[in-house]
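Student: predicted structure and sequence below. I'll ask about it afterward.
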Amino acid sequence: MISKVLVRLKEDVLDPAGRALTEQLNHLGFNEVKSAMVGKYIELNMDTGDREKQKERVQEMCHRLLANSLIEDYEIIHEVIEKKP
Amino acid sequence: MKVAIIEFPGSSGVDDAKFAFELHLGCEVSVIWHQQEFIKDADILVIPGGSSFGDYLRPGALAKVSPVISAIRKYANEGRPVIGIGNGFQILCEIEVLPGVLLPNLSSDFLNIDAFMIPDDRTSIWTKHLEEEQILRLPLSCYFGRYFLDARSLRDMEENGRVAYRYSDFEAEVHLDRPFNGSVGCIAGVLSRNKNVLGIMAHPERAFLAEGDSSVQGQSYGETFFSGILKNLKGT
């Protein structure tokens, strides 16, 4: 089973990469872009056999390593999905 | 004086630190691989710069699960001197030996320039040999160099004299309204609660002059930085 984790900077933490991206997209003519955020996407192929257990393990990983709670929030998206054969 | 330098995969600053301590400061240097679980016979521990584990995930994030980390914690908790330089500073923040975190520079540029700084608290072994407003000009080489700390922790840090150095201009003026690289409070160096651990983003180990070199205003700031510290250590 695969778990997907999205890590993003907290809202009150200044994101220079997001700011630079916004400016450059505006330069390209995408003036409707008011702000952008550059985060991280992590995909974990795991072997737990148990949806709830996997969710718990991924949360622990986020807490201990994948995200820094001082500056980042995380979201486990599509918490557990079956990998296509 | 015995110096132990910790090496992680990707620690490109090991040779710089070794060169500075061995050749310029006459210390006995040993390099400790990150898989080692103990540190012995060291008067000072150095965690050098240089993108351990390729800065994957976050700088210092992957290093924090290496076996040597528990030995670093133990060494620091015993009140012995630890200096984290560049990525070493980032690692010390990740393992919460020092507070805060290093974010990308405000300009989102990789900064490879000399930074000016002055001592703030002058009671620790890291700073007590320096004069008030004594300028250090040290090379900075980082992308993740913007020190960040929440307002409450910052207040606590300042009240307890845990700011070792602040970025200044070349006339020793600190500009809190436009902090160099965006670091909160212009903080350039941070101390642990009992001040035996120092984290600094700039590289004093790269600020030694070669013989006949007078390019950095004729001064060896690395010498100023470290020889005073070693003298302070001998006096403790």
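Tutor: That came through fine.
Student: look up how far B:Tyr221 lies from B:Leu191.
Tutor: According to C-beta to C-beta, to the nearest Å, B:Leu191 and B:Tyr221 sit 20 Å apart. Placement of C-beta: from N, CA and C, glycine included.
Student: so the one residue in chain B that gets nearest to chain A is in which element?
Tutor: Proximity of chain B to chain A (C-beta to the nearest C-beta) peaks at B:Ser108, 3.6 Å away. Secondary structure from DSSP states H and E places B:Ser108 outside every helix and strand.
Student: what sits against B:Leu130?
Tutor: B:119, B:122, B:136, B:224, B:228 (C-beta atoms under 8 Å, 6 or more residues apart in numbering or on different chains).
Student: that's a strand at it, yeah?
Tutor: No: counting by DSSP: H, G, I helix; E, B strand; the rest coil, B:Leu130 falls outside a strand, being coil.
Student: let's see the pLDDT reported for it.
Tutor: In the prediction, the pLDDT value recorded for B:Leu130 is 96.
Student: how far away is it from B:Ser124?
Tutor: Distance of B:Leu130 to B:Ser124, computed by C-beta to C-beta: 10 Å.
Student: low-confidence ranges, chain A, go.
Tutor: Along chain A, segments meeting pLDDT under 70 span A:78-85.
Student: what does it put close to chain B?
Tutor: Applying C-beta under 8 Å from any C-beta of the partner chain, we find that chain A lies next to chain B at A:13-14, A:16-17, A:19-20, A:40, A:65-66, A:68, A:70-71.
Student: among the contacts of B:Leu130, who's most crowded?
Tutor: B:Leu136 (25 neighbours; other C-beta atoms under 10 Å in any protein chain shown).
Student: for it, give me phi and psi.
Tutor: Here is the backbone geometry of B:Leu136 (degrees, to the nearest 10): phi -110, psi 130.
Student: wait, it touches B:Met117, no?
Tutor: Yes: B:Leu136 is in contact with B:Met117 according to C-beta atoms under 8 Å; the separation is 5.3 Å.
Student: could you pull out the residues contacting both of these two?
Tutor: With C-beta under 8 Å, 6+ apart as the test, B:Leu136 and B:Met117 both reach B:165, B:202.
Student: closest one of the residues of chain A next to chain B to A:Asp50?
Tutor: Ranked by distance to A:Asp50 (C-beta to C-beta), the residues of chain A next to chain B are led by A:Leu66 at 20.0 Å.
Student: which residues sit in contact with the closest one?
Tutor: With C-beta under 8 Å, 6+ apart, A:Leu66 has these contacts: A:5, A:7, A:42, A:74, B:57.
Student: and the furthest pair within the residues you listed?
Tutor: For these, the farthest-apart pair by C-beta to C-beta is A:Tyr74 and B:Leu57; their separation is 11.8 Å.
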